[in-house]
Each structure stands twice: as C-alpha cells, then as structure tokens.
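*Asks:* Model the structure of this input:
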Amino acid sequence: MLYQAPSPQRKKEPPPKENKLRLFLKRSSEPLLNLQNAAQQVLEFVDEHGNEVLNLGSFTLLPQHVVRLILAREELRADAFTKFQAALMWSKNYCDSNQNMVLKDVIGNFLEYIQFHKIPANVIMREVHPLGLVPYSIIMNVIK
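*Replies:* Modelled structure (predicted):
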C-alpha cells in the first residue's frame, strides 16, 4: 500500500480551513487594493491641481500626516512659495487649536518639503524672512 500510486479517490485535498483562510485573505485584500487605487487617484488630482488645492481653506483641516504626504510629493504641481504658504496656514490653524504648540516648531515639520531656492530672493526677504519661522541658514542659502 505504501508504494502504490495514490488512487484517484484518495487525492490529497487541502483541509477546509485552509481554503476558507485563502478565500478570506483574498476577499480582505481586495478592499485594501481598491482603497490604495482610490488614494492614488484623491493624490493624482491633488498633483494636477496643486496650487488650487493648497490655497483651499479646507487644506488647513487635513491631518498632519496627509499634509506632509502632499507637500513631499515630487509630482505635486505647485510652486514653492504656495507650498510655504499652505504649510504656514496649516501650522497657524493647528496652533490655534493647540494653544501649547509653538508656530515655529509646528511649521518646522514641513520645511524640508519646501524648495526655498525656487522662491525668488526678493519674495524670501519680503514675505518669508520677516516671519522668523525659517532658519537663518536656509534664508542665507537662498540669497547667495
């Protein structure tokens, strides 16, 4: 019996629990994939309409991780000064809601995503520097 080929009736079938587990995993991953596709599209729109989206008042209501995600995107079609203004408005709104937070610290979370060298020096000196929120080293690198 041990050395004979298995008979067609005795095919090894996976246990029913394994089949159910596979089906469950397949079903549960589908909504996640749909969600990722939807997020990739909620983001493609933002990329295409960057300046307009960043200027919306409702942008300040987004969670911090979403703001960082948007500002960090290379595909985002928004100029650097608009990105700075959006980060500033979000940070001000956040500080208004959280009185113990310092504006300079909050906006500091976004400065790495702003290409200050793409903002004209006269705009940096007139609009950005007087606020005292951007480190002096960044200001000097833009001016030189």
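*Asks:* Show the subsequent helix or strand relative to the helix-or-strand element of the chain with minimal mean pLDDT.
*Replies:* When each helix and strand of the chain is scored by mean pLDDT, DSSP states H and E, helix 16-48 comes last, with a mean of 61. Counting by DSSP states H and E, the element after helix 16-48 in chain order, helix or strand, is helix 50-54.
*Asks:* Show residues contacting that following helix.
*Replies:* For helix 50-54, contacts defined as C-beta atoms under 8 Å, 6 or more residues apart in numbering pick out Phe45, Val46, Phe59, Ile70, Leu76, Arg77, Ala78, Asp79, Thr82, Lys83, Gln85, Ala86. C-beta: built from backbone N, CA, C; applies to glycine.
*Asks:* So which elements touch the helix or strand hosting the fourth one?
*Replies:* This means Ile70. Assigning secondary structure by DSSP H and E places Ile70 in helix 64-72. On a contact count with 3 or more C-beta pairs under 8 Å, 6 or more residues apart in numbering; DSSP states H and E, helix 64-72 meets helix 16-48, helix 80-97.
*Asks:* is it true that Ile139 touches Pro130?
*Replies:* No - applying C-beta atoms under 8 Å, one finds Ile139 not in contact with Pro130, separated by 10.5 Å.
*Asks:* okay, the two: which has more neighbours?
*Replies:* Higher neighbour count among Ile139 and Pro130: Ile139, with 16 against 9, using other C-beta atoms under 10 Å.
*Asks:* Which pLDDT does the model give that one?
*Replies:* Looking at Ile139, its pLDDT stands at 93.
*Asks:* and it, what does it touch?
*Replies:* Phe116, Ile124, Val128, His129.
*Asks:* Return the set of buried residues in the host helix or strand of it.
*Replies:* Ile139 belongs to helix 136-143 when assigned by DSSP H and E. Within helix 136-143, the residues scored as buried using 16 or more other C-beta atoms under 10 Å are Ile138, Ile139, Val142.
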